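Q: When you get a sec, could you give me coordinates for this:
(one chain, ligands or ions: 2)
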Amino acid sequence: MNDIIRLIVDSIIFIFPAFVANAAPVFLGKGERWNAPIDGGRVWKDGRRVLGNGKTIRGFVGGTLSSMIVCVLIIALANQFSYPLALMTYIEQGLLFNILNPLGIDFWTNEVFLGLLVGFFLGCGSLIGDLAGSFIKRRSGLQRGESFPFMDQLGFIFTALLFVFPVIPWPLYWLIFLVPLTLILHIVLNLGSYIIGMQEVPF
Ligand code: CTP
Ligand code: MG
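A: Ligands and ions are numbered 1, 2, ... in the order given. Okay, the predicted model is just below:
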């Protein structure tokens, strides 16, 4: 595979669990159980909700767990098909320095543990960025579901990448691909769900 394409594919595979964490809450059902809002219904000094009803404990926990499961699967498949995943190459070559190395745990050889760990940080990071976004939206007077261009589409990838960095120090130049690709993906997914009738407006 062409080197540049491989870099792009690697970066997308790496960030994929963060996308899953961000998207999963929407599909996790709308039942009453566990639908408690994270802010507990509390109101900020400005009289508006801290985060709003769109941020639930279920969405947060479910999104993080989904990210962990998907990350374990990705790493398992990457090995099975020797998929060109930079992450695996780094690990195999022992090139990674990370916060866990000084503990002397040889956990890189345990793929399930690695997947759970990386998936946890990507998922939590993604959803904490999502919460921060809602906080900023409420402070700006936007209602639940109203859009805040760029922050809605991109905010979560920055926090996900930040949170996972101590575990996997991903190459910073990945941002050159990931930022435009995330915006393109967002546009394609929205148009797609509009065309198949899942959404009333294209954006
Ligand atoms: N969701 C959730 N818990 C979360 C994040 C999302 O339950 N932590 C669910 C909610 O049903 C939410 C939907 O996923 O309405 C879409 O998520 P998002 O677009 O992030 O929320 P909005 O409803 O647009 O709210 P906000 O304006 O605060 O972003
Ligand atoms: Mg929204």
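
Q: number of nearby residues for Lys137?
A: When counting by other Cβ atoms under 10 Å, one arrives at 22 neighbours for Lys137. Where C-beta positions appear, they are placed from N, C-alpha and C, glycine not excepted.

Q: Can you tell me, leaving aside adjacent residues, what's nearest to it?
A: Phe148 (5.2 Å; Cβ to Cβ, 6 or more residues apart in numbering).

Q: My reading is that that neighbour lies in a strand. Confirm?
A: No: judged by DSSP: H, G, I helix; E, B strand; the rest coil, Phe148 forms no part of a strand; its state is coil.

Q: do you know how far it is from ligand 1?
A: Look at Phe148 and ligand 1: by Cβ to the nearest ligand atom, to the nearest Å, they are 8 Å apart.

Q: Mind pulling the model confidence for that residue?
A: At Phe148, the predicted lDDT confidence score is 95.

Q: So which elements touch the helix ranked longest in the chain?
A: Counting residues, the longest helix found in the chain (DSSP state H) is helix 111-139. Judged by 3 or more Cβ pairs under 8 Å, 6 or more residues apart in numbering; DSSP states H and E, the packing partners of helix 111-139 are helix 3-27, helix 57-80, helix 151-164.

Q: The last one vs helix 3-27, what angle?
A: With axes from the mean of the first three to the mean of the last three Cα atoms, to 10 degrees as the criterion, the two stretches helix 151-164 and helix 3-27 enclose an angle of 110 degrees.

Q: Now do helix 151-164: which elements does it pack against?
A: helix 3-27, helix 111-139, helix 174-195.

Q: Going by neighbour count, list what's buried in the shortest one.
A: Along helix 174-195, the positions that meet the burial threshold by neighbour count (16 or more other Cβ atoms under 10 Å) are 174, 177-178, 182, 190.

Q: And these, which is closest to ligand 1?
A: Distance ranking of these against ligand 1, using Cβ to the nearest ligand atom, places Asn190 first at 11.7 Å.

Q: I'd guessed the closest one sits against Glu200; true?
A: No: in this structure, Asn190 is not within contact of Glu200 by Cβ atoms under 8 Å, at 11.4 Å.

Q: Which residues of this structure lie near ligand 1?
A: Residues of the chain lying close to ligand 1 (Cβ under 6 Å from any ligand atom) are 25-26, 52, 54-56, 58-60, 127, 130, 134, 137, 144-146.

Q: ok, now with 8 Å
A: Counting by Cβ under 8 Å from any ligand atom, the residues of the chain close to ligand 1 are 22, 25-26, 28, 30, 35, 38, 51-60, 62-63, 127, 130-131, 133-134, 137-138, 142-148, 152.

Q: Please produce a ChimeraX select command covering the buried subset of the residues you listed.
A: Buried subset of the residues of the chain next to ligand 1, written as a ChimeraX selection, criterion 16+ other Cβ under 10 Å:
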select :22,25,28,38,51,52,54,55,56,58,59,60,62,63,127,130,131,133,134,137,138,152
